[in-house]
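Participant: take a look and give me a structure for this.
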Amino acid sequence: MTDQPVDLDKHRGMAAQKATDLRRALADVEANLRELREREADLENRMMTVPAASWPEAAVRARHLLNLYAASLPAEDTRHRALVAALFDDFARLSGEG
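Facilitator: Next comes the predicted model:
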């Protein structure tokens, strides 16, 4: 009897090991996605309940909404993507970031 745990993955075939690795990676991604959605919902709830205290804070909220909008645009909608990018450039320039 040993105190060392046995790594059962090493005793399985390569295909089974790869399948196990993929299942574990997928479970990690799904858990991270769930956590991200929860954090995003919390952020959006705070944005809705507490009014912006300044123009820069309002711009942060607008950036979030524009990112959501841009993510929903079809890839071929280059005009609206360019418009969103130009607005982000304006935010950076006017806030002294760029």
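Participant: next secondary structure element downstream of the helix or strand encompassing A41?
Facilitator: In the assignment (DSSP states H and E), A41 maps to helix 14-49. Next along the chain after helix 14-49, taking DSSP H and E as the criterion, comes helix 55-72.
Participant: which helices and strands does that next one pack with?
Facilitator: helix 14-49, helix 78-94 (3 or more CB pairs under 8 Å, 6 or more residues apart in numbering; DSSP states H and E). In this view, the C-beta of every residue, glycine as well, is placed from N, C-alpha and C.
Participant: what's in contact with the shortest one?
Facilitator: If I follow you right, that is helix 78-94. Identification of contacts with helix 78-94 by CB atoms under 8 Å, 6 or more residues apart in numbering yields 59, 62-63, 66, 69-70, 73, 97-98.
Participant: could you redo the last one with a cut-off of 7 Å?
Facilitator: Residues outside helix 78-94 that contact it (CB atoms under 7 Å, 6 or more residues apart in numbering): 59, 63, 66, 69-70, 73, 98.
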